[in-house]
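Trainee: build me a model from this:
(one chain, ligands or ions: 2)
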Amino acid sequence: MKAAVLHAPREPMTIENIAIDKPKRREVLIRTAAAGLCHSDLHFIEGSYPTPVPIVLGHESAGIVEAVGEDVTYLKPGDHVISCLSMFCGHCEFCLSGHLSICQDPWSRCAKTCR
Ligand SMILES: [Zn+2]
Ligand SMILES: [Zn+2]
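Mentor: Ligands and ions are numbered 1, 2, ... in the order given. Alright, predicted model coming up:
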């Protein structure tokens, strides 16, 4: 697949063909239809948030699930999804009223190992 790759802060990204591994236990592989670069990504580009490189930015995207790791139970191949770093439960009063950013139990979908 093609991706914009950042090799060093403050350097232009390059469009490259990259390979992606199969998803590990708690990972999801998404065929990305669209992705944006947000202000968080700009911090990586400018070097104010140090990150290992090379890296493909654009954590806010939309696409279709292609494969899931063995511990993923809430998604399946073919599901249409959006991605975001914010965590939310999806069933508290705030989530159900569209206020995911103030979810009462954002860790509820995580295994105990990631808390
Ligand atoms: Zn973001
Ligand atoms: Zn919630």
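Trainee: interface residues of the chain facing ligand 1?
Mentor: Within the chain, the positions near ligand 1 by C-beta under 5 Å from the ion are Cys38, Ser40, Glu60. Any C-beta I mention is one placed from the backbone N, CA and C, and that applies to glycine too.
Trainee: so which of those residues is surrounded by the most neighbours?
Mentor: Highest neighbour count within the residues of the chain next to ligand 1, by other C-beta atoms under 10 Å: Glu60, with 17 neighbours.
Trainee: domain map for the chain?
Mentor: 2-84, 86-115 (automatic domain parsing).
Trainee: to ligand 2, which of the ones you listed lies closest?
Mentor: Nearest to ligand 2, of all the domains of the chain, is domain 86-115, at 3.1 Å by C-beta to the ion.
Trainee: list the buried ones in the closest one?
Mentor: Phe88, Cys89, Cys92, Phe94, Cys95, Leu100, Cys103, Pro106 (16 or more other C-beta atoms under 10 Å).
Trainee: after whichever strand or helix holds His43, next one along is what?
Mentor: Assigned by DSSP states H and E, His43 falls within helix 39-46. Next helix or strand after helix 39-46 toward the C-terminus (DSSP H and E): strand 55-56.
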